[in-house]
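J.: missing the sequence, but the structure's below:
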């Protein structure tokens with residue numbers, strides 16, 4: 001616990017030097033409250049301080065009802081008062097004409113630094129999160145019952161303008177898949193082609209994650225359960241055996257009727273001290289085919305010349321640039337949703353795909369009907385799917401974009417293909433992060449709420465000069481994003497601290513990453529403090545490598561693997577490789593090994609024929625597979641630049 005306090009004080013000193021502000025009293029305040037309140041002060045109370053601060057920036061004034069739990073001096077809190085004086089007028093609480101951007105960044109850094117440490121939440125908070133999940137499901141059902149037919153008609157009409165053309169292509173592909181793919185075999189029951197080769201868009205695959213039926217690694221390729229609902233759309237024989245010469249494998253499969261289907265299983269995983277993350281582990285069969293339908297939807301969206309530029313799946317840079325633009329001229333708003341995936345009603349999804357029956361059939365067939373909730377038992381779902389389904393992300397993005405254009409239409413903006421194309425570069429959806437023109441922000445919020453979605457007003461901005469999206473924050477065009485601590489090690493006293501042993505390999509790796517991000521952020525004293533800690537911890541095997549820009553925005557990074565410290569002024573070199581004379585350095589590297597998982601016979605053949613990756617399969621992929629269950633630090637050599 002003391003090590004975390006020392007780290008925060010070093011960070012405060014860095015921020016204070018940047019802004020010419022004394023942080024001695026702030027450090028004493030944090031030390032005293034940390035001693036009495038523990039980790040919740042760092043991970044809950046300080047982030048709430050930041051929320052109130054960001055609200056004050058948006059309102060251009062400090063509300064006296066904000067910053068509860070902190071003493072006041074004049075019109076501003078005393079805590080971090082030196083920084084606040086550079087942003088607001090202490091007498092009136094009003095925003096200064098030219099607030100100090102470095103002070104804004106420093107306040108956010110010091111209050112958010114420990115806000116997302118992945119520490120297991122208390123049992124009380126975990127139980128409250130599960131109860132919230134169940135209550136959210138009830139709200140979705142109430143929303144379905146109270147939503148008017150006009151809303152559904154508006155939703156379907158808008159979605160067709162956005163997605164009609166691209167879904168026509170996806171529906172055509174699935175029509176061929178579902179219509180001519182079955183029974184297309186010779187007299188011996190053999191189609192003559194390997195698994196999935198007839199259809200270029202439909203490629204099921206297994207992920208590394210846990211499943212409701214507890215199959216892991218290569219065991220997923222020897223499926224013995226297949227829901228009848230899934231069989232009616234995606235026959236087991238077409239996707240789970242090498243070809244129809246192996247149809248005898250169907251004899252060992254239990255085809256489950258709807259009443260006997262295995263439910264998804266809700267589990268909690270560490271997210272923050274305040275609340276855990278709830279994920280539904282899908283049955284293996286569902287997860288397998290969800291990946292296939294997801295691939296079809298994502299590729300269809302990405303290939304569309306207009307909608308593909310409004311929905312992001314793997315590139316957040318567009319959101320960052322739009323958020324920066326919005327902070328500069330105020331023309332774009334950034335909106336954030338709460339419980340985003342858990343509030344997408346399945347009735348909305350049915351309305352979304354109503355005019356494309358084959359896509360709707362595939363999307364519904366791969367959806368789990370129930371989820372097993374700890375303490376509540378099996379719960380029939382009104383939502384489309386929880387986080388954990390491979391289809392949640394693309395389906396919710398389509399629902400959110402439809403809601404955005406419903407709001408734009410309500411703002412006296414007549415929708416047409418031409419007007420939608422004009423919104424490219426003005427509208428963007430990435431997960432639950434939404435960017436829209438400011439003039440339509442309140443209309444969009446109204447449309448989202450009409451669909452049962454919940455806008456997080458504390459993280460949504462359409463007034464003032466502050467904007468945030470996809471982990472980047474800007475004020476008046478300046479990047480005020482923060483560096484966050486992600487992992488701490490459990491200490492013998494039941495608390496949390498910086499790692500003290502190389503056996504805590506995940507925490508050590510995370511601390512090295514933190515050091516490098518702090519260095520790139522200009523917090524050099526804090527980086528030096530961590531250099532001393534890590535140098536001792538890693539036994540001196542902690543080389544310096546060259547950092548250089550790795551993105552168009554100038555973000556720094558290094559190509560070197562392993563636990564190394566970045567520098568922009570030089571690098572170390574221990575020796576040179578004999579063949580190439582290229583310098584290398586010795587360092588530690590965290591090695592994770594997949595668990596032993598033997599796969600043989602038909603299952604092995606199915607896996608090989610199903611593979612569609614660019615890189616070749618690992619040499620031991622039939623012996624080891626799945627998410628690593630153990631890891632350790634090993635000595636390795638890497639390039640210093």
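T.: Thanks, I have the structure now. Given the structure is predicted, the values throughout are model-derived calculations rather than measurements. Numbering: from 1, shown residues only.
J.: In which helix or strand does the closest residue to residue 394 other than its chain neighbours reside?
T.: Nearest-residue entry for residue 394: residue 297, 4.6 Å, with adjacent residues in sequence omitted and distances by Cβ to Cβ, 6 or more residues apart in numbering. Where you see a C-beta, it was placed from the backbone N, CA and C, and this is true even at glycine. In this structure, residue 297 sits in helix 284-303 according to DSSP states H and E.
J.: avg pLDDT for that helix?
T.: Rounded to a whole number, the mean pLDDT of helix 284-303 is 95.
J.: Residue 350: which element?
T.: Secondary structure here is read from DSSP H and E; on that basis residue 350 sits in helix 346-352.
J.: tell me what that helix is packed against?
T.: helix 149-180, helix 357-365, helix 392-410 (3 or more Cβ pairs under 8 Å, 6 or more residues apart in numbering; DSSP states H and E).
J.: Each with direction, which strands does the helix or strand following the longest one pair with?
T.: To tie it back to what came earlier, the one meant is helix 149-180. Where DSSP H and E defines the elements, the next helix or strand beyond helix 149-180 is strand 225-227. The strands beside strand 225-227 in its sheet (DSSP bridges) come out as strand 254-256 (parallel).
J.: If you count neighbours, what's buried in the strand it pairs with?
T.: Applying a neighbour-count criterion of 16 or more other Cβ atoms under 10 Å, one finds residue 256 buried in strand 254-256.
J.: what is the rounded mean pLDDT of it?
T.: 96.
J.: Now do the following helix or strand past it against helix 284-303: the angle between them, please.
T.: Following the chain from strand 254-256 toward its C-terminal end, the next helix or strand by DSSP H and E is strand 264-269. In this structure, strand 264-269 runs at an angle of 80 degrees to helix 284-303, with axes from the mean of the first three to the mean of the last three Cα atoms, to 10 degrees as the basis.
J.: elements contacting strand 264-269?
T.: Based on contacts counted as 3+ Cβ pairs under 8 Å, 6+ apart, the elements that strand 264-269 packs against are helix 123-146, strand 277-281, strand 370-373.
J.: 10 Å - rerun?
T.: Where contact means 3 or more Cβ pairs under 10 Å, 6 or more residues apart in numbering; DSSP states H and E, strand 264-269 is packed against helix 123-146, strand 277-281, strand 370-373, strand 377-380.
J.: for this protein, which strand is longest?
T.: What stands out as the longest strand in the chain, according to DSSP state E, is strand 583-592.
J.: what about stretch 37-44, how long is it end to end?
T.: Its start and end residues considered, stretch 37-44 measures 10 Å (Cα to Cα, to the nearest Å).
J.: Mark out where each domain of the protein begins and ends.
T.: According to automatic domain parsing, the chain is divided into the following domains: 2-108, 127-311+331-463, 539-638.
J.: for these, which one sits closest to residue 500?
T.: Evaluated with Cβ to Cβ, the domains of the chain place domain 2-108 nearest to residue 500, the distance being 8.1 Å.
J.: circling back to that earlier point, just to check, the residue nearest to residue 394 is in contact with residue 366?
T.: No - in this structure, residue 297 sits apart from residue 366 without contact. The criterion is Cβ atoms under 10 Å, and the distance is 11.1 Å.
J.: okay, and the common contacts of those two?
T.: residue 391 (Cβ atoms under 10 Å, 6 or more residues apart in numbering).
J.: about what we covered before: next secondary structure after the helix holding residue 297?
T.: Read in the C-terminal direction, the helix or strand following helix 284-303 is helix 317-329, with elements assigned using DSSP H and E.
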